[in-house]
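Novice: Give me coordinates for this.
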Amino acid sequence: MDLEEFRTRGKEMVDYIIDYWETIEQRRVYPAVQPGYLRPLIPDSAPHEPESFADLMADIERVIMPGVTHWQSPHFHAYFPASISLPGFLGDMLCGGIGCVGFSWASSPACTELETVMLDWLGKMLNLPEDFLVETGGEGGGVIQSTASESTLVALLAARKKMITQMQAKCPDLGEHMIMSKLVAYTSEEAHSSVERAGMIASIKMRKLPTDEKFCLRGETLRQAVEEDKALGLIPFYFCATLGTTSSCAFDNIMELGPICNSENIWMHIDAAYAGSAFICPEFRPLLNGVEFSDSFNFNPHKWLLVNFDCSALWVKSRSELIGAFKMDPLYLRHDHQNSGLVTDYRHWQIPLGRRFRSLKMWFVFRMFGIKGLQEHIRKHVGLAHEFESLVRQDGRFEIENDVILGLVCFRMKGSNELNEDLIQRINKMGKIHIVPCQLRDKFVLRFVLCAQAAESKHVQYAWQNIKEIATDLEKDHQ
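Specialist: All right, here's what the predicted structure looks like:
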């Protein structure tokens, strides 16, 4: 394919994508295929001779689309948003077209410098403390990671390195393995599984602490756990708080938890993967009060801020503590400006070496929506969530299981867990809408999330009508 053919085929691809978006509402949101469906539809080896673009595109509908879960459909209400937008898509196209690998300033200066500025822009949109921003001349800064899971692990590894260094400074004879065996980290029982997984990867004991009746972790619970572990000779060093848990969008009390972490020399990381986008709205910013106590803070603009996946924003108060955990400086990666104090080499802020020009899509989205447009998007989804909550409350067969603060509603039919398991299986089998469940204490609960940018009141009404009809059939079958 030469450039002229690419020009033609590129326009055709854009047309196909536009047609897909325009008709996505008519597609079955959840695929009706079985595991292994795809292999029989394509040859068992790659073609020896080149094939045409037309033949390839013909196979998209035949092979690929039957197995796609349509995350951008207004009938998709599962997990959390994986939002995309046209400006974000254009930024992603340009990123792919430029094709740079920005592991250091010298490898592509614009890639590094735009990222630094975009993380400052976003930090100011969130009203983060100046400690987290680069432009204020402080010791902190922001970086784009792939996901919140990676950000949690990166923060944990930085905290681990910091504590090992501190302990060896006090007791030079202490070996790293001995210190590692005594380290203990904490998180809520409602935290995302990636937090526990980060502990597993880092070979760190991760204690999951109980929450209150609102699924919120309180300060006294952490204090007691820390005192217990110190009495056992363990070394508390890391705590991951959650703002907007996956199951119910609950918020840990970081105003209570933060001072404890500070007084006990515990690195506090805040995971606000979904909820963080809402903090650009003044009415939701109080949910972030207490961030000033944290050592690192993360959320995913690719969830709810219309920046295409992947884009996870991580800020740290001390970039030197983060760099200290990852810095390797072989000759082939060095450059003339690296010790000038004026440049950032993001390869020292992350696990992989390579990195894409992801800040381009942030720049496109922030400029073409403006803060006002992004706030309107958040508020629309929150309003639609409250509309769904109201519909559920009007039906005596159902109950709400969480405080509906943002775009997630946790609900269930009154009755057994088995009844609700049957309900969600029927909903997803029908394929008109897609939702997923969670476990809250001993209850099996259904989650309804506003996800697609195109979601409107009619889609909420459509979803609820489907749920009601299935519930009615279910009641008849269970009589």
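
Novice: Relative to G140, how far out is L322?
Specialist: Separation of L322 from G140 (Cβ to Cβ, to the nearest Å) stands at 9 Å. C-beta here means a position set from N, CA and C on the backbone, and glycine is covered the same way.

Novice: More neighbours: those two, which one.
Specialist: In terms of neighbours (other Cβ atoms under 10 Å), L322 is the more surrounded of L322 and G140; the figures are 27 against 24.

Novice: so what sits against both of L322 and G140?
Specialist: Counting by Cβ atoms under 8 Å, 6 or more residues apart in numbering, the contacts common to L322 and G140 are V316.

Novice: residue ranges of the helices in the stretch 1-150 of the chain, please?
Specialist: Per DSSP state H, counting those that start in this stretch, the stretch 1-150 of the chain carries helices over the ranges 3-23, 53-59, 86-98, 109-125, 148-170.

Novice: do you know which of these lies nearest G219?
Specialist: Checking the helices of the stretch 1-150 of the chain against G219 by Cβ to Cβ gives helix 148-170 as the closest, at 19.3 Å.

Novice: List the buried residues in that closest one.
Specialist: 148-164, 167 (16 or more other Cβ atoms under 10 Å).

Novice: can you put the helices of the stretch 1-150 of the chain in a markdown table and add mean pLDDT?
Specialist: A markdown table is the format used below for the helices of the stretch 1-150 of the chain (pLDDT from 0 to 100):
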| stretch | mean pLDDT |
| --- | --- |
| helix 3-23 | 93 |
| helix 53-59 | 93 |
| helix 86-98 | 91 |
| helix 109-125 | 93 |
| helix 148-170 | 92 |
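
Novice: Format the ones you listed as CSV; extra columns: distance to F444.
Specialist: Listed next are the helices of the stretch 1-150 of the chain as CSV, based on distance: least, Cβ to Cβ, whole Å:
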stretch, distance to F444
helix 3-23, 34
helix 53-59, 40
helix 86-98, 35
helix 109-125, 37
helix 148-170, 25
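
Novice: closest to V307 out of those?
Specialist: helix 86-98 (5.1 Å).

Novice: of the helices of the stretch 1-150 of the chain, which approaches P35 most closely?
Specialist: Nearest to P35, of all the helices of the stretch 1-150 of the chain, is helix 53-59, at 20.0 Å by Cβ to Cβ.

Novice: Check which helices and strands the closest one is in contact with.
Specialist: Packed against helix 53-59 by the contact rule (3 or more Cβ pairs under 8 Å, 6 or more residues apart in numbering; DSSP states H and E) you find helix 3-23.

Novice: Grab the CA positions of the helix it packs on and hand them over as PDB.
Specialist: Written as PDB, here are the backbone C-alpha positions of helix 3-23 (Å, rounded to 0.1, in the frame of the first residue of the first chain):
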ATOM      1  CA  LEU A   3       0.500   6.700   0.300                       C
ATOM      2  CA  GLU A   4      -2.100   7.500  -2.300                       C
ATOM      3  CA  GLU A   5      -3.900   4.200  -1.700                       C
ATOM      4  CA  PHE A   6      -3.600   4.900   2.000                       C
ATOM      5  CA  ARG A   7      -5.300   8.200   1.400                       C
ATOM      6  CA  THR A   8      -8.200   6.400  -0.300                       C
ATOM      7  CA  ARG A   9      -8.500   3.500   2.100                       C
ATOM      8  CA  GLY A  10      -8.100   5.800   5.100                       C
ATOM      9  CA  LYS A  11     -11.100   7.800   4.000                       C
ATOM     10  CA  GLU A  12     -13.000   4.600   3.500                       C
ATOM     11  CA  MET A  13     -12.100   3.500   7.000                       C
ATOM     12  CA  VAL A  14     -13.300   6.800   8.400                       C
ATOM     13  CA  ASP A  15     -16.600   6.300   6.600                       C
ATOM     14  CA  TYR A  16     -16.900   2.800   7.900                       C
ATOM     15  CA  ILE A  17     -16.300   4.000  11.500                       C
ATOM     16  CA  ILE A  18     -18.800   6.800  11.100                       C
ATOM     17  CA  ASP A  19     -21.400   4.300   9.800                       C
ATOM     18  CA  TYR A  20     -20.600   2.000  12.700                       C
ATOM     19  CA  TRP A  21     -21.200   4.800  15.200                       C
ATOM     20  CA  GLU A  22     -24.300   5.900  13.500                       C
ATOM     21  CA  THR A  23     -25.800   2.400  13.600                       C
END
